[in-house]
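Colleague: no FASTA, just this:
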Ligand SMILES: Nc1ncnc2c1ncn2[C@@H]1O[C@H](COP(=O)(O)OP(=O)(O)O)[C@@H](O)[C@H]1O
Ligand SMILES: N[C@@H](CCC(=O)OP(=O)(O)O)C(=O)O
């Protein structure tokens with residue numbers, strides 16, 4: 001097996017309407033086989049996959065009377081019909097469970113909902129379920145929309161702490177001009193940075209089925225790249241391209257991350273968030289964080305200072321020494337009650353158990 005150049009562990013793979021429903025009416029599995037094989041191959045290597053799938057509007061189009069231009073309510077009705085069709089289509093390809101997650105822009109912007117999304121995704125992945133995400137078109141008005149699922153996929157990659165974003169479409173990658181209208185268009189194998197001039201090469205969608213064209217894919221890649229996530233934009237029907245990605249090789253267009261995920265996260269936790277309180281830990285917990293990169297369990301907490309909510313940033317201290325900063329899974333009031341306890345006792349003491357850990361290792365940086 002060739003050596004992996006671009007090793008990854010958790011991927012968000014986005015599939016556009018152009019592949020779910022190439023003729024814009026109903027959906028078929030035939031164009032999704034290469035993507036399904038990629039997902040199965042990745043899972044066999046113990047890698048984690050989240051699928052962001054468009055296509056509900058196109059898949060439900062033939063069930064709703066319409067004429068151009070489509071009204072928002074018309075598209076929403078089509079999406080409501082098409083969403084179940086699209087999910088059933090994916091489920092046919094896999095013999096492991098799939099989970100449906102429908103999100104709006106507001107859900108990601110709200111701290112409480114953001115945490116719930118993050119925790120649900122984590123739980124699904126830990127249980128070997130394939131999360132399939134789409135925009136919740138029924139409740140998304142034009143103002144509340146992500147606008148396109150490329151942008152949604154980048155947001156999901158951030159929430160899920162993914163290291164890689166794969167955007168599958170109906171062309172081989174990013175070209176220096178739209179390959180559909182320019183026969184001399186050249187494929188760009190690697191973009192070290194997305195600048196204004198890169199964005200200027202990208203046109204909108206010409207398929208009549210997709211929404212954002214190449215522009216929204218590059219904008220999504222730009223967001224991911226700034227947070228340390230690499231992006232591949234490739235043809236979702238190209239078996240070889242997806243097999244190469246599954247092996248850790250490049251395919252289509254690779255957009256390089258601007259920094260490592262660890263430094264993006266460290267920077268964010270250290271400089272962008274103000275700690276709302278302090279958690280004092282014992283030596284044993286400090287060793288577990290430092291030596292094993294473990295999560296912080298309530299058992300290792302000996303004191304809680306300040307008032308904070310679940311999801312707030314907190315400083316983690318060993319005596320007077322600041323050793324880490326992270327996002328607390330529990331509020332200060334809850335931590336006061338469960339500090340020093342074994343995680344199994346959380347539900348008995350609080351009446352519920354959000355998580356076994358007080359600070360998850362994904363939400364923690366050592367200082
Ligand atoms: N510079 C470019 N490179 C590649 N594709 C481009 C470019 N500019 C515009 N496109 C168009 O973007 C389309 C893919 O976007 P879109 O139709 O929104 O697909 P999806 O449904 O997969 O999101 C391609 O079919 C292509 O015509
Ligand atoms: N939520 C919509 C997705 C719209 C969208 O962004 O489509 P696309 O450009 O094909 O990824 C649907 O499922 O039809």
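Modeller: Okay, I see it. As the structure is a computational prediction, the values presented were derived from the model and not from experiment. Ligands and ions are numbered 1, 2, ... in the order given.
Colleague: drop to CA atoms for contacts and neighbour counts, all remaining ones
Modeller: Noted.
Colleague: pretty sure residue 307 is touching residue 279, no?
Modeller: No - taking contacts as Cα atoms under 8 Å, residue 307 lies outside contact range of residue 279: 10.9 Å.
Colleague: and the two? Which one has more around it.
Modeller: Shown here are residue 307 and residue 279; by other Cα atoms under 10 Å, residue 279 has more neighbours (26 against 13).
Colleague: next up, the contacts around residue 114.
Modeller: Counting by Cα atoms under 8 Å, 6 or more residues apart in numbering, residue 114 makes contact with 107, 108, 159.
Colleague: just put these in CSV and tack on secondary structure.
Modeller: CSV is the format used below for these (DSSP: H, G, I helix; E, B strand; the rest coil):
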residue, secondary structure
107, helix
108, helix
159, helix
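Colleague: any quick PyMOL command for the buried ones out of those?
Modeller: Restricted to buried positions by 16 or more other Cα atoms under 10 Å, the PyMOL selection for these reads:
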select buried, resi 107+108+159
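Colleague: need the contacts of residue 114 in CSV with distance to residue 78 and pLDDT, can you?
Modeller: Output for the contacts of residue 114, formatted as CSV (distance: Cα to Cα, whole Å; pLDDT from 0 to 100):
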residue, distance to residue 78, pLDDT
107, 22, 89
108, 24, 88
159, 28, 93
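Colleague: now, among the contacts of residue 114, which is nearest to residue 35?
Modeller: residue 159 (22.3 Å; Cα to Cα).
Colleague: residue 161 contacts residue 362, doesn't it?
Modeller: Yes - Residue 161 is within contact range of residue 362, at 7.3 Å (criterion: Cα under 8 Å).
Colleague: the two: who's more crowded?
Modeller: Legend: neighbour count by other Cα under 10 Å for residue 161 and residue 362, higher for residue 161 (20 against 15).
Colleague: list the contacts for that one?
Modeller: The contact partners of residue 161, taken as Cα under 8 Å, 6+ apart, are 10, 362.
Colleague: okay, now the domains of the chain?
Modeller: Segmentation of the chain into domains, based on automatic domain parsing, reads 10-258, 265-366.
Colleague: the shortest one spans what distance, first to last residue?
Modeller: Distance between the boundary residues of domain 265-366 (Cα to Cα, to the nearest Å) amounts to 11 Å.
Colleague: any idea which helix or strand in the protein has the lowest mean pLDDT?
Modeller: Ranking every helix and strand in the chain by mean pLDDT, DSSP states H and E puts helix 261-267 at the bottom, with a mean of 81.
Colleague: what strands flank the following helix or strand past that helix, and is each parallel or antiparallel?
Modeller: Going down the chain from helix 261-267, the next helix or strand is strand 278-281, by DSSP states H and E. Next to strand 278-281 in the sheet, as set by DSSP bridges, lie strand 301-305 (antiparallel), strand 313-318 (parallel).
Colleague: now for the ones you listed, which one comes closest to residue 171?
Modeller: Distance to residue 171, taken as Cα to Cα, is lowest for strand 313-318 among the strands paired with strand 278-281, at 41.9 Å.
Colleague: the closest one: how far from the chain's middle?
Modeller: On the basis of Cα atoms, centre = their mean, to the nearest Å, strand 313-318 sits 27 Å off its chain's mean C-alpha point.
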